[in-house]
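1. Okay, structure incoming, though there's no sequence with it:
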């Protein structure tokens, strides 16, 4: 749910953002805190909306809020204690993600640590809420993931605002029980078995070697032989000679058969094929693949029947300054101009690539321009979404149209070429 009440407006001059734009994504960080911790932790972040020139940022929350420093002393103590609890839980979650060691969890851990950095105490607000847990305050941070340009990196504003937790006394070291000293006994000479094992292994290896050389025979360096078998070798030589004679006879027979077949072959005359009659067919009338200029001039919405793509692919900057890659932007209509639009976005920072979609309608205005509008907020499969989009298109005479794309609810603006090509 989007925050609906502006609680502050701050200038961006003199502030240094922490991390890259993806690590400052409001939707991503709020979703992680809601999934891993609680709604209290997720509502700690005010939603930023940056002006078109980038000089101011409006901060939104779910209700009116007061600066923490403007509360009376007793309320300040209770709010600071609640701020310390939320800060400790987020630091513990960042530590667990960092311990996993992979690149995605390291970037998410740094992003969670950055949201606990604000430029001054005036950036901390408090909303009064009715809560069953007994704490009447909801802490809200503006200017999160920012510090003053001249602020030392070692200084954390939130750390100076929350009360320190008392350290528990270290436990007393355990007393070791008394160790009984065993009586000294005379050791058995186990080394005898070590030498005996080597002796048995040597005898076994010698026997195996003798078995390996027994069939073929080996000449000894000092004279004599071990089981040399000349009779068996001679028998092998006679068998090889007989096999060679048999193969040579087979080769001679095959050569004779080949010569006989060559004599029986006669050349056959080649009869040329008659020429084929070439029948020319008139070319088909080309089919119009894009927009039909005649139907456009007649404001006939039936020309949109089917699916179309928006080209070229654009990188869209959202209202909080995040740049997200959109691709495969598709719009499908029936013959009355009713349909839907959908595209894929690169989630980044651990998110899978996901599809976003909304209903859409098309009509011609009084100036002959084609107006295409999403029926509401564009919802994404992974949660969150984007504000309603409206496109005003002019036919360019080449089967496509030039379209101006705006978000009517905010001042975000981009220009795109709407190429009407069938999917």
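-> Happy to help now that I have it. Just so we're clear, the structure is a prediction, and the values are computed from it rather than from any experiment. Residues are numbered from 1 along each chain as shown.
2. Quick one: the strands in the stretch 301-423 of the chain, in order.
-> Secondary structure of the stretch 301-423 of the chain (DSSP state E, counting those that start in this stretch): strands located at 306-309, 315-317, 323-333, 338-345, 354-364, 370-374, 378-380, 385-386, 390-395, 401-406, 413-418.
3. List just the one of those that sits closest to residue 246.
-> Shortest separation from residue 246 across the strands of the stretch 301-423 of the chain is recorded for strand 323-333, at 71.9 Å, computed as CB to CB. All C-beta spots, glycine's among them, are computed from the backbone N, C-alpha and C.
4. So which residues of the stretch 101-250 of the chain form helices?
-> Listed in chain order, the helices of the stretch 101-250 of the chain (DSSP state H, counting those that start in this stretch) span residues 103-114, 157-161, 191-213, 230-264.
5. Identify all contacting residues around the first one.
-> Under the contact criterion CB atoms under 8 Å, 6 or more residues apart in numbering, helix 103-114 has outside partners 18-19, 23-24, 28-29, 32, 90-91, 93-95, 97-98, 144-145, 349-350.
6. cool, and the second one?
-> Outside of helix 157-161, the residues that reach it under the criterion CB under 8 Å, 6+ apart are 68, 80, 83, 87, 116-121, 123-124.
7. how far away is residue 261 from residue 99?
-> For residue 261, the distance to residue 99 under the criterion CB to CB, to the nearest Å works out to 82 Å.
8. Comparing the strands of the stretch 301-423 of the chain by mean pLDDT, which bottoms out?
-> Comparing mean pLDDT across those, the lowest value falls on strand 413-418: a mean of 53.
9. Might you report the residue contacts of the residue lying closest to residue 140 once chain neighbours are set aside?
-> Leaving out its chain neighbours, the residue that sits closest to residue 140 by CB to CB, 6 or more residues apart in numbering is residue 125, at 4.3 Å. Contact criterion CB under 8 Å, 6+ apart gives 7-8, 46, 61, 65-68, 139-142 as the residues in contact with residue 125.
10. likewise residue 384?
-> 27, 31.
11. mind checking how far the helix or strand harbouring residue 93 is from the chain centre?
-> Residue 93 belongs to helix 73-100 when assigned by DSSP states H and E. With CA atoms, centre = their mean, to the nearest Å as the basis, the distance from the averaged C-alpha position of helix 73-100 to the chain average is 29 Å.
12. Give me the distance between residue 403 and residue 306.
-> Remark: distance between residue 403 and residue 306 (CB to CB) = 17 Å.
13. Which one's more surrounded, the two?
-> Just comparing residue 403 and residue 306: by other CB atoms under 10 Å the higher neighbour count belongs to residue 403, 20 against 14.
14. I'd assumed residue 396 was in contact with the more buried one.
-> No - under the criterion of CB atoms under 8 Å, residue 403 makes no contact with residue 396, lying 10.1 Å away.
15. what's around residue 29, how many residues?
-> Using other CB under 10 Å, residue 29 has 23 other residues around it.
16. average model confidence for the helix or strand where it lies?
-> Take DSSP H and E as the rule and residue 29 turns out to sit in helix 26-36. For helix 26-36, the mean per-residue pLDDT is 92.
17. Quick check: what element follows that helix along the chain?
-> Where DSSP H and E defines the elements, the next helix or strand beyond helix 26-36 is helix 39-42.
18. picking that back up, now the buried members of the contacts of residue 125.
-> Applying 16 or more other CB atoms under 10 Å to these, the neighbour count classes 7-8, 46, 61, 65-66, 68, 139-142 as buried.
19. where does this protein have its least confident helix or strand?
-> Comparing every helix and strand of the chain by mean pLDDT, DSSP states H and E singles out strand 413-418 as the least confident one, with a mean of 53.
20. and the end-to-end length of stretch 311-327?
-> Criterion CA to CA, to the nearest Å; first-to-last residue distance in stretch 311-327 is 9 Å.
21. Go through stretch 70-86 and flag the buried ones.
-> Quick answer for stretch 70-86 (16+ other CB under 10 Å): 71, 75-76, 79-80, 82-84, 86.
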